[in-house]
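*Asks:* here is the input, now give the coordinates:
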Amino acid sequence: MSLKTRNRAELEEFLAAARKEYDEFKAQGLKLDMSRGKPCKDQLELSMPILDVFNSSSDLTDSEGVDVRNYGFLTGTADAKKLFADLLGVEPSMVIVGGNSSLNLMYDSVQRAYNFGVYGGSKPWSACEKPKFLCPVPGYDRHFGVTQTFGIEMINVPMSETGPDMDMIEKLVASDPSIKGMWCVPMYSNPDGFTYSDDTVRRIAALKPAADDFRIFWDNAYCIHHLKDNGDRLLNIFEEARKFGNEDMIYEFASTSKITFPGSGVAVIVSSENNTKHITKQLAMQNISYDKVNQLRHVRYFGNAQGLIEYMNKHRAILAPKFELVARMLREGLGDLDIVRFHEPNGGYFISVYTLEGCAKEVVRLCKEGGVVLTGAGATYPYGNDPADSNIRLSPSFPTLADLEKAMELFIISVKVASAEKLLAEK
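*Replies:* Take a look at the predicted model:
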């Protein structure tokens, strides 16, 4: 029975029972963390053999005879470029292989554009009176943190199951030259788990920005992170952009951070040859070479892109039961009460839950007091401000199944308490 239709006496009875459950749970003294999408220990153990790839100095020469221990090859080895090019469906010449962090590559890309401008742009973003970025929401908090660091104004764009509101994006981009870019997580979006539809990708590729230096930051972080047999499929943004002469508009990012080791994976930026040449010239003043030993380590371990894709089945075997547990508990614990909605994703690292308006912060507070740390309410919106105070990002990957079940029990109880209090306040 929907909680919204109950009278005051029924709500008070419901709240009293929920508070009793909460107090009993709190007394258990839990200390669990679901605040970030971190791989768990079992996932990290999967990649331990990658550390045994090299046994002697003779192993440290790539297929083109390059000794990867030395300086040089700023944009990555040919073998590493091919691995990622095949994975992402692009030409190796479009790939720059960096260090372990795609976030670092994104930050640097914003910083270069802000200080020096982009290929084909008339001036640096900093020379614009008030540069702006479009931000599909809810979205990735670290994306928003990057643009906020540079004082770039962020504009919320609502998300749906097909991707961001393209009518809004097309209108804004075409009419406002101060809009310099847009954040995108097109595959299993953070946190909703949506994959952009073919129509959305085509419309993004066909954008006609008023700014000559507009860039799409295409963070393809979860491109092979499937949780089900019928994993989602994403249209190739470069193939579509090329049809409109817009390939210079796209920066794509990816990494092995949630495939091997988050602290020592390999990250890439992919873009048009015009952009990669422009970026490389600027990188030459910043770096001599990234970690080519680690690049070769990954190439040897996976063999090729198909080996990398097949390897993800090992991660799926660990992660899928956790996501299934969270979805089942949400349905069974809250489904009939009509006080939350959520999307069960086919891949990615998060489940996004929407509470009644004005309840998310209270749910997160109650969970923290009860011993479970969640991502802060509002973190999935620019400036940490969710206008509806309703979105909560759940990160099921890190806890064990047993701990996750405990955490979800507390989450469900906390939602019940916060929702009943909210509805009673409105009576």
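
*Asks:* pretty sure Leu325 contacts Pro399?
*Replies:* No: under the criterion of Cβ atoms under 8 Å, Leu325 makes no contact with Pro399, lying 10.2 Å away. (C-beta placed from N, C-alpha, C; glycine too.)

*Asks:* who's Pro136 bridged to?
*Replies:* Beta-bridge pairing of Pro136 under DSSP bridges involves Val157.

*Asks:* more crowded one of Leu325 and Pro399?
*Replies:* Pro399 (20 against 15; other Cβ atoms under 10 Å).

*Asks:* residues in contact with the more buried one?
*Replies:* Shown in contact with Pro399 (Cβ atoms under 8 Å, 6 or more residues apart in numbering): Leu32, Asp33, Met34, Cys40, Lys322, Ala407.

*Asks:* next: Leu51.
*Replies:* Applying Cβ under 8 Å, 6+ apart, no residues qualify as near Leu51.

*Asks:* which residues in this structure form strands?
*Replies:* 32-34, 95-97, 132-137, 153-160, 163-164, 179-184, 215-219, 250-255, 267-271, 340-342, 351-355, 372-374, 391-394 (DSSP state E).

*Asks:* hmm, which two among the contacts of Pro399 are most spread apart?
*Replies:* Greatest spatial distance in the contacts of Pro399: Asp33 and Lys322, 14.2 Å, computed using Cβ to Cβ.

*Asks:* with neighbour numbers in mind, choose between those two.
*Replies:* Higher neighbour count among Asp33 and Lys322: Lys322, with 22 against 15, using other Cβ under 10 Å.

*Asks:* the more buried one contacts Phe398, doesn't it?
*Replies:* No: under the criterion of Cβ under 8 Å, Lys322 makes no contact with Phe398, lying 9.2 Å away.

*Asks:* from the contact counts, what lies against the worst-scoring helix or strand of the chain on mean pLDDT?
*Replies:* For the chain, using mean pLDDT, DSSP states H and E, the weakest element among its helices and strands is strand 32-34, scoring a mean of 90. Counting contacts by 3 or more Cβ pairs under 8 Å, 6 or more residues apart in numbering; DSSP states H and E, strand 32-34 is packed against strand 372-374, helix 401-426.

*Asks:* helices along this protein, start to end?
*Replies:* With helices called from DSSP state H, the chain shows them at 8-26, 41-46, 78-88, 102-116, 141-149, 166-175, 198-205, 237-243, 273-283, 292-302, 305-334, 360-370, 401-426.

*Asks:* what is the burial count for Leu87?
*Replies:* For Leu87, the neighbour count with other Cβ under 10 Å is 22.

*Asks:* distance check, it against Gly263.
*Replies:* Distance of Leu87 to Gly263, given as Cβ to Cβ, to the nearest Å: 21 Å.

*Asks:* likewise Tyr196?
*Replies:* Shown here: Tyr196 relative to Gly263, a distance of 29 Å by Cβ to Cβ.

*Asks:* and for Val95?
*Replies:* Taking Cβ to Cβ, one finds Val95 at 22 Å from Gly263.

*Asks:* these two: which is more packed in?
*Replies:* Val95 (25 against 9).

*Asks:* ok, now which ones touch the residue nearest to the more buried one when sequence neighbours are not counted?
*Replies:* Leaving out its chain neighbours, the residue that sits closest to Val95 by Cβ to Cβ, 6 or more residues apart in numbering is Lys81, at 4.5 Å. Counting by Cβ under 8 Å, 6+ apart, Lys81 touches Thr75, Pro92, Ser93, Val95, Val97.

*Asks:* by neighbours, which of those wins?
*Replies:* Neighbour max across the contacts of Lys81 (other Cβ under 10 Å) = Val97, 29 neighbours.

*Asks:* for it, what are its contacts?
*Replies:* Listed by Cβ under 8 Å, 6+ apart, the contact partners of Val97 are Thr75, Gly76, Thr77, Ala80, Lys81, Phe84, Val266, Ala267, Val268, Tyr290, Gln295.

*Asks:* and which of those is nearest Met166?
*Replies:* Val268 (26.8 Å).

*Asks:* counting neighbours, what do you get for the closest one?
*Replies:* By other Cβ under 10 Å, 28 other residues sit near Val268.

*Asks:* partners of it in the sheet?
*Replies:* When bridges are called by DSSP bridges, Val268 pairs up with Val97, Ala254.

*Asks:* now do the end-to-end distance for stretch 366-385.
*Replies:* Terminal residues of stretch 366-385 lie 19 Å apart, using Cα to Cα, to the nearest Å.
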